[in-house]
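[1] here is the input, now give the coordinates:
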Amino acid sequence: MNKNDVNPYVAGREEWDDRMMSVAKTSHAWKVFSFCLVGAVVILAGGLAWVGGQSKIEPYLAIVDKTTYQVHVVGPAEKLKLNDQMMKGIVENEVRTLFDNLRKVIADSHAQKDVVTQVYSRIAGGSGAAKFVSEWYAQRDPFKASETGTVSVQITAALPLSEQSWQVEWTETERSLTGEVQKVTRLKGVMTYVLSPPTDKAEASKNPIGFYANQLSWSLEGSL
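    Okay, here's the model as predicted:
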């Protein structure tokens, strides 16, 4: 067929169809690419969420020498086979320390602030112990009390009442800022607790074994 005999309308239609087909193929390719990209993003997001949900904190057991105050790291807590006696000793130390920190008053305001911070780091939020501690600090503000004197605490006994409760007895000595003894009293307290392993570095640095008091009370036994 002579080139001049080709219908220009038919030729134009064919060229148009070819172009539309090319556009359609390109559009389809981009759609497939987009769906693949969205799928990859969803998979990555799910993977990141899963990884983020995994605890990366590995609690370590450490023992403090009460004579030299040196810290000896024993090893990863979860890999150690702690017997009942070892666990009892760890919990007893937490119980004694909490009562000591709650009652003592230090003349150094910076040291006293650290003590109060340690107390709250071992109190279960929204618990009866949290309410008790807040009422106690409102009754005797340790920072205000340190303006006139100090209070030292000597734990005399700590006995487990059950798997999650302890009874503690101690003697308090109140002194003036010049060191003169003002008063010596005996007290007895009871505490229940839970163990909740930390899930982030900030929590682990404040409370390594996840010891939290949820009920707390004490009473005056007498004066010396």
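
[2] worst-scoring helix or strand of the protein, pLDDT-wise?
    When the helices and strands of the chain are scored by mean pLDDT, DSSP states H and E, strand 71-76 comes last with a mean of 50.

[3] give the next helix or strand downstream of that strand.
    As assigned by DSSP states H and E, the chain's next helix or strand after strand 71-76 is helix 84-103.

[4] list of residues touching whichever helix or strand comes after that next one?
    Downstream of helix 84-103, the next assigned helix or strand under DSSP H and E is helix 109-120. Contacts of helix 109-120 with the rest of the structure, by Cβ atoms under 8 Å, 6 or more residues apart in numbering, involve 97-98, 101-102, 104-106, 133, 137, 142-143, 146, 206. Where C-beta positions appear, they are placed from N, C-alpha and C, glycine not excepted.

[5] flag every buried residue along the helix or strand just after helix 109-120.
    Sequence-wise, the next helix or strand downstream of helix 109-120 (DSSP H and E) is helix 128-139. For helix 128-139, the neighbour count (16 or more other Cβ atoms under 10 Å) marks 129-130, 132-133, 136 as buried.

[6] any stretches of the protein with poor pLDDT?
    In the predicted model, the chain carries pLDDT under 70 at residues 1-20, 22-25, 27-29, 33-34, 47-84.

[7] helix, strand or coil for Arg186?
    Per DSSP: H, G, I helix; E, B strand; the rest coil, the secondary structure class of Arg186 is strand.

[8] who are the contact partners of the nearest residue to it once chain neighbours are set aside?
    The spatial neighbour of Arg186 that comes closest, neighbours along the chain excluded (Cβ to Cβ, 6 or more residues apart in numbering), is Glu221 at 4.1 Å. Each residue near Glu221 by Cβ under 8 Å, 6+ apart is listed here: 169, 185-188.

[9] sort out which one of these lies nearest Ser152 for me.
    Proximity to Ser152 was ranked across those by Cβ to Cβ; first place goes to Thr185, at 11.7 Å.

[10] contacts only, for that closest one.
    If you count contacts by Cβ under 8 Å, 6+ apart, Thr185 has them with 171-172, 174, 220-224.

[11] also Thr150?
    Shown in contact with Thr150 (Cβ under 8 Å, 6+ apart): 104-107, 174-175, 177.

[12] who wins on neighbours among these?
    Within the contacts of Thr150, neighbour counts (other Cβ atoms under 10 Å) peak at Val105, which reaches 23 neighbours.

[13] may I have the beta-bridge partners of it?
    When bridges are called by DSSP bridges, Val105 pairs up with Val151.

[14] can you give me the distance of it to Pro208?
    26 Å (Cβ to Cβ, to the nearest Å).
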